[in-house]
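1. need a 3D model of the following:
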Amino acid sequence: MMSFRCYRLEVFALVTVGIIGLLFLLQSNSDKLLLKKARQISVARTFGPSPAQSAAPTTQQSILTCHENASVTNISGFASLPDHIKDFLRYKHCRDFPQLLDAPNKCGGAEGSSGVFLLLAIKSSPGNYERREIIRKTWGEERSYQGVHIRRLFLSGTVRDARQAWKMDRLLRLEAAEYGDVLQWAFHDSFFNLTLKQVLFYRWMESHCPGVRFVLNGDDDVFTNTDNIVHYLLGMRGTNDGHKHLYVGQFIANVGPVREKWSKYYVPEQVTASNRYPPYCAGGGILMSGFTSRTIYKESLGIELLPIDDVYLGMCLEKAGLAPASHMGIRTVGVSVPSARLESFDPCYYKELLLVHRFVPYEILLMWRAIHEPDLRCGKKLEVYQSL
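-> Alright, predicted model coming up:
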């Protein structure tokens, strides 16, 4: 009897082990197929749906596929172009991408959005966690100041590498759950996709935040004095409360596409044959009215994407018959000090400015605290936020 029982137990154990092994092999094989598929998508579609979609919460959300424009291979000189420019040409017609993370109530809904005075729309790649955290604790804090409301959003895409995408998307989901301030779409977050990011944000704002008065659109490595921005905008009340044109920043004019292949800003003739860019403001930080942001979105619907995002916004303004303007308080190329012997990281140089590009995260924290020191005394005050 004992021998028979031992035999039954041995058979049961062997069967159990066999089933577990089979399930493990099936799961392992399934994971390999998913990873292989994700890699294929990542290689084939720089501008198409990201492999990160499989890790993101796409509840009942249809995954849109934008097919490449194969005819671009017939363009003269296409074969000699860098890969990222080839990809841009293949997919520049793609503008519809699933939204992976949303903040639908950021502005209190479409009807309540007129209560948002200043919306901070900050372009941030998924891996820039430290930058986002510092901004949340400093100039990007959501608050009421001088009786008006400031709200914050980070604009992001996805990481190209399938293994990294899972981690980065999970990170953004954790941030979104804690702060409710992340908009993410299923396109690869890259320099040449910044224009796409801008257009998708303006579309989102048209639906969820149409009544916002003013928008600060910038990068996550800028230092912004939001107190001064509010003072400047409040000073225009009576002449502009967000319902008229305003578009100010570091003004750039009389330039054209960079034709040198080594440059980050290289735009060959296959992308645009024109040797002229319209006047525009540098994309590190731009302050605009709600009226102007809505106008840019409407004009963008009829203009092909250009990979240089700040130039593209200038193209939309030009088509609308509007002009960008310079503001001396916005320094996207940094601050020049009078002498090499002087310390450039001096809060007295930044106390009266609106925005400076670029800072590393710890510098943002240090400068924000420094300009708010009650005993800070500076020899000369620059009225850089006075009305233009």
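2. neighbours of residue 77, just the number please.
-> 9 (other C-beta atoms under 10 Å). (C-beta placed from N, C-alpha, C; glycine too.)
3. not including adjacent chain positions, what is the nearest residue to it?
-> Excluding its sequence neighbours, the residue lying closest to residue 77 (C-beta to C-beta, 6 or more residues apart in numbering) is residue 270, at 6.0 Å.
4. what helix or strand is the one you found on?
-> Using DSSP states H and E, residue 270 falls within no helix or strand.
5. quick one, what contacts it?
-> Applying C-beta atoms under 8 Å, 6 or more residues apart in numbering to residue 270 gives the contacts 75, 76, 77, 78, 81, 85, 89.
6. out of those, who's nearest residue 346?
-> Lowest distance from residue 346 to these (C-beta to C-beta) belongs to residue 85, with 41.5 Å.
7. can I get the CA coordinates of the helix or strand hosting the closest one in CSV?
-> Following DSSP H and E, one finds residue 85 within helix 83-91. C-alpha atoms of helix 83-91 as CSV (Å, rounded to 0.1, in the frame of the first residue of the first chain):
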residue,chain,number,x,y,z
ASP,A,83,18.3,58.4,-41.0
HIS,A,84,16.3,60.8,-38.7
ILE,A,85,15.6,63.1,-41.6
LYS,A,86,14.5,60.1,-43.7
ASP,A,87,12.1,59.1,-40.9
PHE,A,88,10.8,62.6,-40.7
LEU,A,89,10.0,62.7,-44.4
ARG,A,90,8.3,59.3,-44.2
TYR,A,91,6.0,60.2,-41.4
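8. before we move on, the earlier item: okay, and which of the contacts of residue 270 map to helices?
-> 85, 89 (DSSP state H).
9. what stretches of the stretch 51-200 of the chain score poorly on pLDDT?
-> Along the stretch 51-200 of the chain, the parts satisfying pLDDT under 70 run over 51-65.
10. show me the shaky parts of the stretch 201-350 of the chain.
-> 337-342.
11. what ranges do the helices span in it?
-> 226-234, 290-300, 309-320, 347-350 (DSSP state H, counting those that start in this stretch).
12. the second one - contacts with which helices or strands?
-> Looking back up the chat, that one is helix 290-300. Here helix 290-300 touches helix 194-208, strand 214-219, helix 309-320, going by 3 or more C-beta pairs under 8 Å, 6 or more residues apart in numbering; DSSP states H and E.
13. can you pull the buried residues of it?
-> For helix 290-300, a neighbour-count test (16 or more other C-beta atoms under 10 Å) marks 290, 291, 292, 293, 294, 295, 296, 297, 299, 300 as buried.
14. in TSV: these, plus distance to residue 274.
-> As requested, the buried residues of helix 290-300 are arranged in TSV below (distance: C-beta to C-beta, whole Å):
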residue	distance to residue 274
290	30
291	28
292	23
293	25
294	26
295	22
296	20
297	23
299	17
300	18
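15. closest to residue 192 out of these?
-> residue 300 (16.5 Å).
16. how far away is the closest one from residue 201?
-> Going from residue 300 to residue 201 by C-beta to C-beta, to the nearest Å gives 11 Å.
17. same check, this time on residue 353
-> 25 Å.
18. now residue 191
-> Taking C-beta to C-beta, one finds residue 191 at 16 Å from residue 201.
19. show me what the longest strand along the chain is packed up against.
-> For the chain, the strand with the greatest residue count under DSSP state E is strand 148-158. Under the contact criterion of 3+ C-beta pairs under 8 Å, 6+ apart, strand 148-158 touches strand 118-123, helix 129-137, strand 143-145, helix 162-179, strand 182-188, helix 194-208, helix 226-234.
20. pairing partners for the third one, with directions?
-> For strand 143-145, the paired strands and their directions (DSSP bridges) read strand 148-158 (antiparallel).
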